[in-house]
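>>> sequence below, structure please.
(chains A and B)
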Amino acid sequence: MSDIQYLPGKEPHPCEYRMIFKNIDRAGWDPSIDCYLNDGGYEQLKKAIKMEPQAITNEVKASGLRGRGGAGFPTGVKWGFIPPNNTKPVYLICNCDESEPGTFKDRYIVHQDPHQLLEGMIISCFAVGAHTAYIYMREEFPEAATIMEKAIEEARAKNLVGNDVLGSGFDLEIYIHRGAGAYICGEETGLIESLEGKRPYPRIKPPYFPAALGLYMAPTIVNNVESLCHVKHIIEMGGGGYAQLGVARNTGTRILCVSGDVQKPGYYEVEVGKITMGELLNDVCGGPKEGRTFKACIPGGSSAKILRCDESFTIGQGDAEQSLSFFDIPMDFDTIAACGSMAGSGGVIVIDDSRKISWILNNLNSFYAHESCGQCTPCREGSMWMKKISDRIVGGHATPDDIQTLEDVAYQIDGRTVCAFGEASSWPVEAIISKFRDELTAETSEDNDDLSEEAKIQLQFISQ
Amino acid sequence: MDTPTTFPPFAVTAEIDADADESISHYPADKKRSAVLPLLHIIQRNFGFISKDATLWVAEKLGLEPMQVHEVVSFYPGLREHAPGKYHFRVCRTLSCAMAGSAELMDRLCELTGIDRSQSDSHHNPIAVSPCGQWSVEFAECLASCGTGPVCMVNDDFHEEIPADKAQELLNQYKA
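Numbering: from 1, shown residues only, chains lettered A, B, ... in the order given. Got it, this is the predicted structure:
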């Protein structure tokens, strides 16, 4: 690893552990298969294809790998949900719909290191018995679609994809399926509906767990790009070896994407839980911008609940109880969850004291109002109402009661929808109100008319 | 829709038909419906948007009701029912890019191309076209490059770190 050179200005920070991003911004690197093979590429596939498929799944289980798309569900356990007596074809789908605001990691893998993803996918397909795999790629990655198509053809020419992969008797076809700009397609059951040629309305779980009833009602494994890349490294290191990286129950590395008000935004691959929020923001990202202080942070993609930078948290119970300041939070799944938010997709959005929280809230509400698929009433209507209210706050037309109304609407969405979009859209509102209520209220006025323009029109009719 | 368009009218060529058949082959023979999005992408790439005739052709090609195609066309922000400009700009509107100044970039692009966005909204009429038909703009939601905002796409090209004062420079790359 030490002889790897990176492009000037793109060198990894010393505290990084580059595994998935080993080849990103690497000097002399290109996405061709020759470049990948010269670097030892596809050796893990050669090793895996001689293993029993169940043994691969066992290694992935032993590695403790948790999905990198957002939910953090153990990947090996997910694979194990395929019914044992299944007689239908099994599908594997790579979720490359990267669309959670704040997240920008998969983009670099599919543009710069397509064969790492393919190797991870082929091993995973072999492990779960999938002979057809789709890469669901967001429409906004046209160049990546071309690169991946080319990579698949290169792999086919080397007998790594197609019939009888490496003489093992295992057949596999991989296709690119391009989305069309809808955030909801990142939700795995919405993605499956989209792949079936329909509107991407998510399916309810149970019974539609994709591993049992997925694409075409057949067992389907949907994994994030980064998760599938990890599989290759798990084969290389062994599940137990991989589990040495990171901390207990939060193993391996993960790519943290930092954006917003820091000196050096960017992507940083670190061992899970081995770096704190303070180290990430102050040391790795160079601290706040000139003359500014950190105000708040969204730690895991826009759907994660916001944290205040002056907050402290009490986590654990009994003897394990401890108090943590915001900057002490280790970047793992469990501690961030214990602090009331989530590690999600690894997208860290940093907000400094130059920003009004109402403006942040309104931007997020606009996103969710635009992206709600419209299937469930609480989300379809609620996300629009939340945007209307935050429009009023930002525009200076809100009354203090509006804050309460906004909060009420949010709490009537979460838990009442088919998919997690309901939580994704309402958690930011709930958290911003609970942590910045005073700041929001200060932007409202009792003197404002408490009737919206629509309410006034409505009154003309009902007061007659 | 009196704006002049730079795209040819919808007409199926042998090449487009072959492309469509190739896409259909990616899915099980009895699951042709899966090829709706790929076929719509082929049409949009060639003709700029999805016309009613194109919708009917896709339905016939896949053995679907026209409504089953239209409900897809009308759902996805990435599929258009009207012609954009020859150069279509999609500016990321979401949080990190907004913090980096994407609204200012959008305003500047409109100013420089003479585009009036006052009639646009995010849901029903997202695209605004310049009077000459060469340029069009649209706000897109998160383009997944939050660390290098503001970002935008021009047709299939991706551009990062484009603050408003670089808008002219960007336009110069796409002289009409």
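>>> can you list the weak-confidence ranges in chain A?
Across chain A, the ranges flagged by pLDDT under 70 are A:1-2, A:450, A:463-464.
>>> just the closest residue of it to chain B, please.
For chain A, the residue closest to chain B is A:G181, as judged by Cβ to the nearest Cβ, at 3.0 Å. Any C-beta I mention is one placed from the backbone N, CA and C, and that applies to glycine too.
>>> what is the neighbour count of that residue?
21 (other Cβ atoms under 10 Å in any protein chain shown).
>>> now it: phi and psi?
phi 90, psi 20 (degrees, to the nearest 10).
>>> pull the contacting residues for it.
A:138-140, B:76-79, B:140-141 (Cβ atoms under 8 Å, 6 or more residues apart in numbering or on different chains).
>>> A:G396 now?
Contacts of A:G396 by Cβ under 8 Å, 6+ apart are A:443, A:445, A:448.
>>> can you report how many residues lie near the last one?
One way to gauge burial is a neighbour count; for A:N448, by other Cβ under 10 Å, it gives 16.
>>> was I right about it contacting A:H397?
Yes: between A:N448 and A:H397 there is a contact under Cβ atoms under 8 Å: 5.5 Å.
>>> before we move on, which element is the residue in chain B that chain A sits nearest to in?
Closest contact between chain B and chain A, by Cβ to the nearest Cβ, is at B:G78 (3.0 Å). Assigned by DSSP states H and E, B:G78 falls within no helix or strand.
>>> residues touching it, list them.
Applying Cβ under 8 Å, 6+ apart, the residues near B:G78 are A:139-140, A:179-182.
>>> likewise for A:F461?
A:F461 touches nothing, counting by Cβ under 8 Å, 6+ apart.
>>> ranges for the strands of chain A?
Using DSSP state E, the strands assigned to chain A run over residues A:90-96, A:130-137, A:173-178, A:220-224, A:246-247, A:250-251, A:253-260, A:266-271, A:294-298, A:307-308, A:312-315, A:322-325, A:347-352.
>>> from B:R33, how far off is the residue of chain B closest to chain A?
18 Å (Cβ to Cβ, to the nearest Å).
>>> give me the domain ranges for the chain.
All of this refers to chain A. A:33-244, A:249-352, A:357-442 (automatic domain parsing).
>>> oops, wrong one, chain B.
B:14-73, B:87-172.
>>> ranking those by burial, who's on top?
domain B:87-172 (a mean of 20; mean count of other Cβ atoms under 10 Å in any protein chain shown).
>>> next, format the strands of chain A as JSON lines and append distance to chain B and mean neighbour count.
Formatted as JSON lines, these follow (distance: least, Cβ to the nearest Cβ, whole Å; neighbours: other Cβ atoms under 10 Å in any protein chain shown):
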{"stretch": "strand A:90-96", "distance to chain B": "10", "mean neighbour count": "26"}
{"stretch": "strand A:130-137", "distance to chain B": "8", "mean neighbour count": "23"}
{"stretch": "strand A:173-178", "distance to chain B": "4", "mean neighbour count": "21"}
{"stretch": "strand A:220-224", "distance to chain B": "13", "mean neighbour count": "26"}
{"stretch": "strand A:246-247", "distance to chain B": "23", "mean neighbour count": "19"}
{"stretch": "strand A:250-251", "distance to chain B": "23", "mean neighbour count": "24"}
{"stretch": "strand A:253-260", "distance to chain B": "4", "mean neighbour count": "27"}
{"stretch": "strand A:266-271", "distance to chain B": "5", "mean neighbour count": "22"}
{"stretch": "strand A:294-298", "distance to chain B": "8", "mean neighbour count": "25"}
{"stretch": "strand A:307-308", "distance to chain B": "15", "mean neighbour count": "18"}
{"stretch": "strand A:312-315", "distance to chain B": "24", "mean neighbour count": "14"}
{"stretch": "strand A:322-325", "distance to chain B": "24", "mean neighbour count": "14"}
{"stretch": "strand A:347-352", "distance to chain B": "6", "mean neighbour count": "27"}
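>>> what would these look like in JSON lines with distance to B:C152?
Putting these into JSON lines (distance: least, Cβ to Cβ, whole Å) gives the following:
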{"stretch": "strand A:90-96", "distance to B:C152": "21"}
{"stretch": "strand A:130-137", "distance to B:C152": "19"}
{"stretch": "strand A:173-178", "distance to B:C152": "19"}
{"stretch": "strand A:220-224", "distance to B:C152": "26"}
{"stretch": "strand A:246-247", "distance to B:C152": "36"}
{"stretch": "strand A:250-251", "distance to B:C152": "36"}
{"stretch": "strand A:253-260", "distance to B:C152": "16"}
{"stretch": "strand A:266-271", "distance to B:C152": "19"}
{"stretch": "strand A:294-298", "distance to B:C152": "23"}
{"stretch": "strand A:307-308", "distance to B:C152": "30"}
{"stretch": "strand A:312-315", "distance to B:C152": "38"}
{"stretch": "strand A:322-325", "distance to B:C152": "38"}
{"stretch": "strand A:347-352", "distance to B:C152": "19"}
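>>> quick check: which of these is nearest to A:Y108?
strand A:266-271 (6.7 Å; Cβ to Cβ).
>>> coming back round to it: for the domains of chain A, give me JSON lines that also has distance to B:L62.
Formatted as JSON lines, the domains of chain A follow (distance: least, Cβ to Cβ, whole Å):
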{"stretch": "domain A:33-244", "distance to B:L62": "8"}
{"stretch": "domain A:249-352", "distance to B:L62": "34"}
{"stretch": "domain A:357-442", "distance to B:L62": "22"}
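>>> out of those domains, the one nearest A:F21 is which?
So among those, domain A:249-352 is nearest, using Cβ to Cβ, at 4.5 Å.
>>> any idea what sits nearest the residue of chain A closest to chain B, other than its immediate chain neighbours?
B:G78 (3.0 Å; Cβ to Cβ, 6 or more residues apart in numbering or on different chains).
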